[in-house]
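[1] Predicted model and sequence follow; I will ask about them next.
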There are 2 protein chains.
Amino acid sequence: MGASKLDIYKTDINTIATIAKVFAHPARVAILQFISKQDNCICNDIVDEIGLSQPTISQHLKVINDAGLLKGNYKGKSLCYCININRFREFQDVFNSFFNTTSSNCC
Amino acid sequence: MGASKLDIYKTDINTIATIAKVFAHPARVAILQFISKQDNCICNDIVDEIGLSQPTISQHLKVINDAGLLKGNYKGKSLCYCININRFREFQDVFNSFFNTTSSNCC
DNA sequence: TTTTATTATCGTAATATTGCAATATTACAT
DNA sequence: ATGTAATATTGCAATATTACGATAATAAAA
């Protein structure tokens, strides 16, 4: 096969996995860190910063955006991407509640 | 192409991505949750619990184990897998420091 | 409206991941 | 040593992801 059998898991488990997937590629982590450091972010700056082509960066940005982690609006010719910090905190909460409800009772 | 260009990123960025990858599949999240709920865990119980074959579960367990998240020792014929809670907390810290150092300054 | 600068999409190739059947290995009991 | 029950490994097929060149779309400026 090769496809994940998503239908056999509970919703909250799929949610955690889906969120984790966003951070599961270093390019996306690097992009998020870079945007976070800027006041205004222009996509082309990201291409200069990270050693990947413009289409590849754009593709990663789409993944981040589809997860609801970006807010964007146009300023001149450049698209200003900003982090949707509320969504970001939501993700943090999901992770922490997963981490906090996991314990070790044996061995 | 298709392979991630790991060499172009800083170590801490690769660390975050590597950790995230462990949680980026629902089977692994489900396995961790299940082990967490048990006092003693036998691998075959996991197969019964989750609708995947024994080799597939074993494969996912290897990924979790390679990340240092498990402690295991044999008890009779059954392998007792337990969560390495210290390593788990390490992961939580890495995530939280990433989340906490990310902010939104524009838009 | 044409040009220019920027970002998005398409098409394609390469690598990675997922899943399982078959088989091997392991640890314990007899 | 042999048998038994459990987990690990191997081999393979299918799907997903990553990356980039070529091209299209978009928005502002000339």
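    Sure, I can see it.
[2] Return the distance of residue A:70 relative to residue B:99.
    Separation of residue A:70 from residue B:99 (Cβ to Cβ, to the nearest Å): 16 Å. Bear in mind the C-beta positions are built from the backbone N, C-alpha and C, glycine included.
[3] And these two? Which one has more around it.
    With neighbours defined as other Cβ atoms under 10 Å in any protein chain shown, residue A:70 and residue B:99 compare such that residue A:70 has more, 22 against 16.
[4] mind listing what that one touches?
    For residue A:70, the contacting residues are A:35, A:61, A:64, A:81-84, by Cβ atoms under 8 Å, 6 or more residues apart in numbering or on different chains.
[5] With adjacent residues omitted, what lies nearest to it?
    Spatial nearest neighbour of residue A:70, excluding adjacent residues (Cβ to Cβ, 6 or more residues apart in numbering or on different chains): residue A:81 at 5.3 Å.
[6] and that neighbour, what pLDDT?
    On pLDDT, residue A:81 comes in at 79.
[7] Please apply the same query to residue A:10.
    Here, the pLDDT recorded for residue A:10 equals 86.
[8] Not counting sequence-adjacent ones, nearest residue to it?
    Spatial nearest neighbour of residue A:10, chain neighbours left out: residue B:30 (7.8 Å); criterion: Cβ to Cβ, 6+ apart.
[9] Go ahead and confirm the one you found touches residue B:52.
    No. Counting by Cβ atoms under 8 Å, residue B:30 does not reach residue B:52; the two are 9.2 Å apart.
[10] neighbour count winner among the two?
    Legend: neighbour count by other Cβ under 10 Å for residue B:30 and residue B:52, higher for residue B:30 (24 against 18).
[11] Run through the residues that contact the more buried one.
    Counting by Cβ under 8 Å, 6+ apart, residue B:30 touches A:9-10, A:13, B:49-50.
[12] returning to what we had before: pick out whichever of the contacts of residue A:70 sits closest to DNA strand D.
    Nearest to DNA strand D among these is residue A:64, at 10.6 Å by Cβ to the nearest atom of the strand.
[13] which SSE is the closest one in?
    helix A:54-66 (DSSP states H and E).
[14] Only the buried residues of that helix, if you could.
    Of the residues in helix A:54-66, A:57, A:60-61, A:64 count as buried by neighbour count, 16 or more other Cβ atoms under 10 Å in any protein chain shown.
[15] Going along the chain, name the strands of chain A.
    Secondary structure of chain A by DSSP state E: the strands cover A:70-75, A:78-83.
[16] Distance to residue A:91 for those - can I get that in CSV?
    What follows is the strands of chain A, written out as CSV (distance: least, Cβ to Cβ, whole Å):
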stretch, distance to residue A:91
strand A:70-75, 13
strand A:78-83, 11
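[17] Which helix in chain A has the most residues?
    helix A:85-100 (DSSP state H).
[18] Identify all contacting residues around that helix.
    Helix A:85-100 is touched from outside by A:15-16, A:19-20, A:22, A:67-69, B:23, B:29, B:33, B:88-89, B:91-92, B:95-96, B:99, B:102-104, with contacts defined as Cβ under 8 Å, 6+ apart.
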